[in-house]
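> here is my input, please return the structure:
(one chain, ligands or ions: 1)
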Amino acid sequence: MSKFSHLRRTLIGGALSLALAPLSTLAVAAEPIVIKFSHVVAQDTPKGKGADKFKELAEKYTNGAVKVEVYPNSTLYKDKEEVEALQLGAVQMLAPSLSKFGPLGVREFEVFDLPYIFDSYEALHKVTKGPVGQQLLDKLEPRGIKGLAYWDNGFKALSANTPIRTPADLRGKKLRIQSSKVLEEQMREVRALPQVMAFSEVYQALQTGVVDGTENTLSNYFTQKVHEVQKHMTISDHGYIGYVVITNKRFWDGLPAEVRSQLDKAMDEATDYANQIAKEENDQMLEAVRASGRTEIHMLSDEERAAFIKALLPVHKKMESRVGAATIKSIYEATGFDPDKF
Ligand code: LMR
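Down below sits the predicted model:
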């Protein structure tokens, strides 16, 4: 190569890299921030729809500076793995049920699992939309997790292949539960055999008889097709299932302030939406289960309900050491729940 052509190449190369420099800087700046939002339920549920709404609003309010990828139905991670993935930064957002925070070291959320502690969404919202709910979210921060919002699902039904009309009908049954000590105690209280299992495994476990029954909301029952493998369902409303939307605190705090405030706005609106549709979604799914004709639905009479309350209420006292007597008391005070009334 002649001296001249070498010089020419160097000059052209220099000019080229100069010309390209601003472009590549722009390209980096235009790269969207990706939020992977992983969850375990179907898209067509209150949580699934809430996550999709957050995606829509977050991308709109940030003008595409943020891209939200929603992975429903345990397609990315199952219950336990998703929390590890969040801590490691492999995903940025989750909405685990309140029953699944024990393994994270925050047992107080299991207070929401106490049987019959909430008798309506209104009572529940006095906690989740008030200071007690905020104090619970604050407990996540030392674990490197930020709690962004509470999302509703609904009240639980019980299912099995034999009718459940009294607490005694659960005796000796293997029942799938979520990973909560309060739920474990609840099942032991009626002498059932609780089996902790990931949500993604429930259908098969019921189908093959690994467990005899379970508890869940109607939206989860219907979308997981549980009614196809359980002959009986009892609308007991004995407990509540809801979520905390969580993110990795380091990731959240590291976002540009403007982006974070747009995401806060998107989260607030997605939360209102999710909480508005939750009851209706579950009511509709109850009708869908009924219409399927695959399972017999039993509504508890007032006397039957009173018998379940009487059988399960001792769990509150027994779980004081697990979730804290003060936590239980703060919920009683917020909702007006009086255990001595029963
Ligand atoms: C479960 O039973 O594991 C569910 O409550 C899952 C969910 O996120 O609703």
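> and the pLDDT at the residue of the stretch 51-200 of the chain found nearest the ligand?
Nearest to the ligand in the stretch 51-200 of the chain, going by C-beta to the nearest ligand atom, is residue 199, at a distance of 3.4 Å. For every residue, glycine as well, the C-beta is placed using N, CA and C. Note for residue 199: predicted pLDDT of 98.
> residue contacts, it?
Residues near residue 199 by C-beta atoms under 8 Å, 6 or more residues apart in numbering: 40, 41, 74, 78, 79, 178, 220, 224.
> for the last one, the count of nearby residues, please.
Here the number of neighbours of residue 224 (other C-beta atoms under 10 Å) works out to 22.
> picking that back up, which among the contacts of residue 199 count as buried?
Buried members of the contacts of residue 199, counted by 16 or more other C-beta atoms under 10 Å: 40, 41, 74, 79, 178, 220, 224.
> can you redo those residues as a markdown table, where the extra columns are pLDDT and secondary structure?
A markdown table is the format used below for the buried ones among the contacts of residue 199 (pLDDT from 0 to 100; DSSP: H, G, I helix; E, B strand; the rest coil):
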| residue | pLDDT | secondary structure |
| --- | --- | --- |
| 40 | 98 | coil |
| 41 | 98 | coil |
| 74 | 97 | coil |
| 79 | 93 | helix |
| 178 | 98 | coil |
| 220 | 98 | helix |
| 224 | 98 | coil |
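> residue 67 reaches residue 36, doesn't it?
No: using C-beta atoms under 8 Å, residue 67 makes no contact with residue 36, being 9.6 Å away.
> compare these two (neighbour count), which wins?
Remark: of residue 67 and residue 36, residue 36 carries more neighbours, 19 against 15, as counted by other C-beta under 10 Å.
> how about the strands in the stretch 201-342 of the chain?
All strands of the stretch 201-342 of the chain, identified by DSSP state E, counting those that start in this stretch, fall at 213-216, 232-235, 240-248, 296-299.
> and the ligand, which of the contacts of residue 199 reach it?
Filtering the contacts of residue 199 for proximity to the ligand by C-beta under 6 Å from any ligand atom leaves 40, 41, 178, 220.
> can you report phi and psi for the second one?
According to degrees, to the nearest 10, the main-chain angles of residue 41 amount to phi -100, psi 180.
> that one reaches residue 217, doesn't it?
No: using C-beta under 8 Å, residue 41 makes no contact with residue 217, being 9.6 Å away.
> so which bits of the protein are right by the ligand?
Counting by C-beta under 6 Å from any ligand atom, the chain sits next to the ligand at 40, 41, 47, 97, 153, 178, 199, 216, 220, 241.
> and the two most separated of the residues you listed?
47 and 178 (13.8 Å; C-beta to C-beta).
> does residue 153 sit in a helix, a strand or a coil?
Classification of residue 153 by DSSP: H, G, I helix; E, B strand; the rest coil places it in strand.
> which residues does it contact?
Applying C-beta under 8 Å, 6+ apart, the residues contacting residue 153 are 45-47, 97, 217, 219-220, 240-243, 278, 282.
> where's stretch 310-318 relative to the chain centroid, distance-wise?
25 Å (C-alpha atoms, centre = their mean, to the nearest Å).
> buried stuff in that stretch?
311, 312, 313, 315, 316.
> okay, the second one: pLDDT?
The one in question is residue 312. 98.
> check which helix or strand covers the nearest residue to it once chain neighbours are set aside.
Nearest residue to residue 312, sequence neighbours excluded (C-beta to C-beta, 6 or more residues apart in numbering): residue 115, at 3.8 Å. For residue 115, there is no enclosing helix or strand under DSSP states H and E.
> how many other residues sit next to residue 115?
Residue 115 has 26 neighbouring residues, counting by other C-beta under 10 Å.
> please begin residue numbering at 386 from this point
Sure, I'll start counting at 386 from here, so that last one is residue 500.
> all helices for the stretch 436-585 of the chain, in order.
Listed in chain order, the helices of the stretch 436-585 of the chain (DSSP state H, counting those that start in this stretch) span residues 464-473, 506-513, 516-523, 566-574.
> start and end of stretch 553-564, how far apart?
23 Å (C-alpha to C-alpha, to the nearest Å).
> ok, now stretch 630-641?
20 Å.
> ok now that stretch, how far from the chain's centre?
Computed by C-alpha atoms, centre = their mean, the chain-centroid distance of stretch 630-641 equals 18 Å.
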